[in-house]
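> sequence below, structure please.
(2 chains)
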Amino acid sequence: DAGITQSPRHKVTETGTPVTLRCHQTENHRYMYWYRQDPGHGLRLIHYSYGVKDTDKGEVSDGYSVSRSKTEDFLLTLESATSSQTSVYFCAISAGGGTNYGYTFGSGTRLTVV
Amino acid sequence: SQKIEQNSEALNIQEGKTATLTCNYTNYSPAYLQWYRQDPGRGPVFLLLIRENEKEKRKERLKVTFDTTLKQSLFHITASQPADSATYLCALLHGSSNTGKLIFGQGTTLQVKP
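As a prediction, the model looks like this:
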């Protein structure tokens, strides 16, 4: 999607290895979010950020950490990947935190942990 | 517990008819509710936002209603087309306007047959 890119698009990793997913935006939006999407669960919020160095946990944050050292980048790290973290990960951005504007989502990262 | 419920069964309708999708929620008091469209292999795309003091919102062939007493939102697509076939997600804003985040339903798949 315009203004937001996720990398990598696909990744296969081994159990126990650390993995970092990157979300980059060119919109200068304050708010950024990481979701995972799984069959039967829909989109679930992992972590989010409402400014540089301001982050908070979502509903499924265990095993994940995030960092936001500059406005345009929001990194999601799986500290020690497990098979239960096999999923499609979406990053989203918002100018208004969901109050006046919708979220813009990236194209997703499909992560497989073997 | 807090829940957002969308009909998990696919909705199949004939081209030209009106599609109506339902979103029910419990134990939330959202100030905003949003609807998204998601195509296979893609990230969700924002469609409409409705505030708690708005009963109805329209955008082209789309109409959303928001009944905070019933804790329900209805999403209508009039004169549906095969190109409208997709999964539609409702989401509500949970938390304050500054640090709130969107919580998503699991989505309803719409199939419009020619």
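> please count neighbours and contacts with C-alpha atoms only from this point.
Fine.
> the host helix or strand of B:Tyr25 close to chain A?
Per DSSP states H and E, B:Tyr25 falls inside strand B:19-26. No. Under the criterion of Cα under 8 Å from any Cα of the partner chain, chain A is not reached by strand B:19-26; the shortest gap measures 13.8 Å.
> what mean pLDDT does the following helix or strand past that strand get?
Where DSSP H and E defines the elements, the next helix or strand beyond strand B:19-26 is strand B:32-38. Here strand B:32-38 scores 95 as its mean pLDDT.
> name the SS class of the residue in chain B that chain A sits nearest to, please.
Evaluated by Cα to the nearest Cα, chain B has B:Gln106 as its residue closest to chain A, separated by 4.3 Å. Under the three-state scheme (DSSP: H, G, I helix; E, B strand; the rest coil), B:Gln106 adopts coil.
> contacting residues for the nearest residue to it once chain neighbours are set aside?
Among residues not flanking B:Gln106 along the chain, A:Gly42 sits closest, at 4.3 Å (Cα to Cα, 6 or more residues apart in numbering or on different chains). The contact partners of A:Gly42, by Cα atoms under 8 Å, 6 or more residues apart in numbering or on different chains, come to B:Phe104, B:Gly105, B:Gln106, B:Gly107.
> quick check: closest non-adjacent residue to the spatially most central residue of chain A.
Ranked by distance to the mean C-alpha position of chain A (Cα atoms, centre = their mean), the top residue is A:Trp34 at 2.7 Å. Closest residue to A:Trp34 apart from its sequence neighbours, by Cα to Cα, 6+ apart: A:Cys91 at 4.6 Å.
> ok but the one you found is inside a strand, no?
Yes. Counting by three-state DSSP, A:Cys91 falls inside a strand.
> ok, it touching A:Gln37?
No. Using Cα atoms under 8 Å, A:Cys91 makes no contact with A:Gln37, being 10.9 Å away.
> of these two, which one has the most company?
More neighbours surround A:Cys91 than the other of A:Cys91 and A:Gln37, with 31 against 19 (other Cα atoms under 10 Å in any protein chain shown).
> gap between the more buried one and A:Arg9?
Computed as Cα to Cα, to the nearest Å, the A:Cys91 to A:Arg9 distance reads 12 Å.
> what residues are shared contacts of those two?
A:Gly108.
> residues contacting residue 13?
Using chain A here. Counted by Cα under 8 Å, 6+ apart, A:Thr13 has contacts A:Val19, A:Ala81, A:Leu111, A:Thr112, A:Val113, A:Val114.
> let me rephrase: I mean chain B.
Counted by Cα under 8 Å, 6+ apart, B:Ile13 has contacts B:Ala19, B:Leu110, B:Gln111, B:Val112, B:Lys113.
> run through who's touching the worst-scoring helix or strand of chain B on mean pLDDT.
One helix or strand of chain B scores below all others by mean pLDDT, DSSP states H and E: strand B:101-104, with a mean of 89. With Cα under 8 Å, 6+ apart as the test, strand B:101-104 has contacts from A:42-45, A:48, A:97-98, B:4, B:89-95.
> residues from chain A in reach of chain B?
Counting by Cα under 8 Å from any Cα, the residues of chain A that sit close to chain B are A:40-45, A:48, A:50, A:90, A:97-108.
> show the average pLDDT along the helix or strand where B:Leu89 lies.
For B:Leu89, the host element (DSSP H and E) is strand B:86-94. For strand B:86-94, mean pLDDT is 93.
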